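*Asks:* need coordinates for the following:
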Amino acid sequence: MMNSVFFDELYKQFAWYDSVFTPVVKNCSSEFFFDGFEYKLASISTNMNVLSQNETFFVTKVKINAKNDVYIRISQEAINVILDKVLGKNNRRFDLTEVTELEARIITAFNDFLYESLAPNFNIEPHRRYNEILHLTYFVKSEISDTAAKFIISVPKDILSPQDIKLDTVRFEDKDFADSLVEVNLLLGTTTFPVAEIKKLDAGDIVVFENSNSSEMTLMCENIVQKFQIKPNIKIIEPYDTGGGNGMEENTNTNLWDSIQVEMAAEFDKVKVTLGELKSIEEGLIVDLCSVYDNKVSLKVGGKIVAAGELVIINDRFGVRIEKVNDSASQADEPSQHVPAEEAEVVQEGEDFDYSDFEVENK
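*Replies:* The predicted structure is shown next:
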């Protein structure tokens, strides 16, 4: 949700808005009405529709300069919550479609009082037009109300000077979350491959990745891209030299399309590791290849899975001995029968490869 409370900038500033606005709202309510109302800041958003859909509001507009206004919107249900507390519960429920002049004046007076109390926090330039509006949505309830109700303060974003509030001391340390699991990708390497050869891939073929090094892999986790050293497993080293190829016959009857070279990548399906292991890798831990060797390796072109197989090492390069080739005409893949290595959970991902991507319509 791009323009919601989870937008990165507003997320970091949420504590500032709560510390500046919420005490003012509570004090105004206590002075104008009575003590005993509870106010919670629920949302900060540049999108008015985040929490206000299907609601009816009493709106007070306060002009702050020649081109801009501040709006305070109190929902019909919030007015009922206030009236129940102030006047006691009764059978007559407040209805904005039948609001009396006296009721409208009381609500407007409270909204004006709230604005005047908030105004010292605003930095308003007399002739400037402010385009982006920030909406602060509160929930209000009392000890006698059955539900929480909403009211919204809408102000131009640029008249405020929010700050990122930081704790003086760190409450937790990295080690407190060492056993928490995260999903990571392990990239073995890449190579370029002719389209014609991709079409001929078959079980038993070995694809060697020229842009790889059997002593290292690349770990990818969100915005983390970290190379790390590994201990090779002698059991997966092929005892022969393939000459940098995969042993497939050369295609002597290719058209221009089939001769195009595309990039193919090899990576393990997502593996779950602990944050402790992730931090150790970042700090230079040398990982034993045996810990991930039994996991399936996928060959991908353009993010689509072409084939899958087992890891081998040839002349200090990673390779994959193909066990399964995806069929573009088949239905969705059947669940894999592969059993992941102990301590590592594999999650299948990626889109099946469609060979029609390489077909050219006959003219």
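*Asks:* where do the strands sit along the stretch 201-350 of the chain?
*Replies:* Using DSSP state E, counting those that start in this stretch, the strands found in the stretch 201-350 of the chain span residues 206-208, 211-212, 216-221, 224-231, 261-274, 287-288, 297-301, 304-314, 317-325, 346-347.
*Asks:* dump the ones you listed into JSON lines; add mean neighbour count as well.
*Replies:* To be clear about C-beta, it is placed using only N, CA and C from the backbone, and glycine gets the same treatment. Listed next are those as JSON lines, based on neighbours: other CB atoms under 10 Å:
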{"stretch": "strand 206-208", "mean neighbour count": "23"}
{"stretch": "strand 211-212", "mean neighbour count": "18"}
{"stretch": "strand 216-221", "mean neighbour count": "18"}
{"stretch": "strand 224-231", "mean neighbour count": "14"}
{"stretch": "strand 261-274", "mean neighbour count": "18"}
{"stretch": "strand 287-288", "mean neighbour count": "16"}
{"stretch": "strand 297-301", "mean neighbour count": "22"}
{"stretch": "strand 304-314", "mean neighbour count": "21"}
{"stretch": "strand 317-325", "mean neighbour count": "21"}
{"stretch": "strand 346-347", "mean neighbour count": "15"}
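*Asks:* closest to residue 161 out of those strands?
*Replies:* Proximity to residue 161 (CB to CB) singles out strand 224-231 among those, at 33.0 Å.
*Asks:* who are the packing partners of the closest one?
*Replies:* With contacts taken as 3 or more CB pairs under 8 Å, 6 or more residues apart in numbering; DSSP states H and E, strand 224-231 sits against strand 216-221, helix 275-282, strand 287-288.
*Asks:* and these as CSV, adding mean pLDDT and distance to residue 15?
*Replies:* As requested, those are exported to CSV (pLDDT from 0 to 100; distance: least, CB to CB, whole Å):
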stretch, mean pLDDT, distance to residue 15
strand 216-221, 88, 27
helix 275-282, 82, 25
strand 287-288, 75, 39
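*Asks:* can you redo these as JSON lines with distance to residue 68?
*Replies:* Shown next, in JSON lines, are those (distance: least, CB to CB, whole Å):
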{"stretch": "strand 216-221", "distance to residue 68": "44"}
{"stretch": "helix 275-282", "distance to residue 68": "46"}
{"stretch": "strand 287-288", "distance to residue 68": "58"}
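*Asks:* out of these, which gets nearest to residue 295?
*Replies:* Taking the helices and strands packed on strand 224-231 one by one with CB to CB, strand 216-221 is closest: 12.0 Å.
*Asks:* would you mind confirming that residue 191 is in contact with residue 207?
*Replies:* Yes - contact criterion CB atoms under 8 Å: residue 191 and residue 207 qualify, at 7.1 Å.
*Asks:* which residues are common contacts for these two?
*Replies:* residue 264 (CB atoms under 8 Å, 6 or more residues apart in numbering).
*Asks:* next SSE after the helix or strand hosting residue 84?
*Replies:* In the assignment (DSSP states H and E), residue 84 maps to helix 76-87. Sequence-wise, the next helix or strand downstream of helix 76-87 (DSSP H and E) is helix 101-118.
*Asks:* buried residues in that next one?
*Replies:* For helix 101-118, the neighbour count (16 or more other CB atoms under 10 Å) marks 106-108, 110-111, 114-115, 117-118 as buried.
*Asks:* who are the packing partners of the helix or strand following it?
*Replies:* Sequence order places strand 133-142 as the next helix or strand after helix 101-118, per DSSP H and E. Counting contacts by 3+ CB pairs under 8 Å, 6+ apart, strand 133-142 packs against helix 8-32, strand 37-45, helix 49-52, helix 76-87, strand 149-156.
*Asks:* list the contacts of strand 133-142.
*Replies:* With CB under 8 Å, 6+ apart, strand 133-142 has contacts from 10, 17, 21-22, 25, 29, 36-48, 50-52, 78, 81-82, 84-85, 147-157, 160.
*Asks:* which residues of the stretch 201-350 of the chain score low on pLDDT?
*Replies:* Within the stretch 201-350 of the chain, the segments meeting pLDDT under 70 span 232-255, 289, 291, 293, 328-350.
*Asks:* try it again with 50
*Replies:* Low-confidence segments of the stretch 201-350 of the chain, defined by pLDDT under 50: 242-249, 329-350.
*Asks:* what's the per-residue pLDDT of residue 146 here?
*Replies:* Looking at residue 146, its pLDDT reads 74.
*Asks:* any figure for the gap between it and residue 261?
*Replies:* Counting by CB to CB, to the nearest Å, the gap from residue 146 to residue 261 is 68 Å.
*Asks:* equivalent analysis for residue 229, please.
*Replies:* Using CB to CB, residue 229 is found at 30 Å from residue 261.
*Asks:* and for residue 141?
*Replies:* Going from residue 141 to residue 261 by CB to CB gives 65 Å.
*Asks:* cool, residue 34 as well?
*Replies:* Taking CB to CB, one finds residue 34 at 77 Å from residue 261.
*Asks:* how about the nearest residue in space to residue 68 that is not next to it in sequence, what does it touch?
*Replies:* Among residues not flanking residue 68 along the chain, residue 130 sits closest, at 5.1 Å (CB to CB, 6 or more residues apart in numbering). Contacts of residue 130 were listed using CB under 8 Å, 6+ apart, and they are 67-68, 156-159.
*Asks:* spatially nearest residue to residue 80, not counting backbone neighbours?
*Replies:* Using CB to CB, 6+ apart, the nearest residue to residue 80 is residue 94, at 4.9 Å.
*Asks:* no no, residue 285
*Replies:* residue 228 (7.0 Å).
*Asks:* show me what contacts residue 264?
*Replies:* So residue 264 contacts 190-193, 198, 207, 209, 299-301, 306 (CB under 8 Å, 6+ apart).
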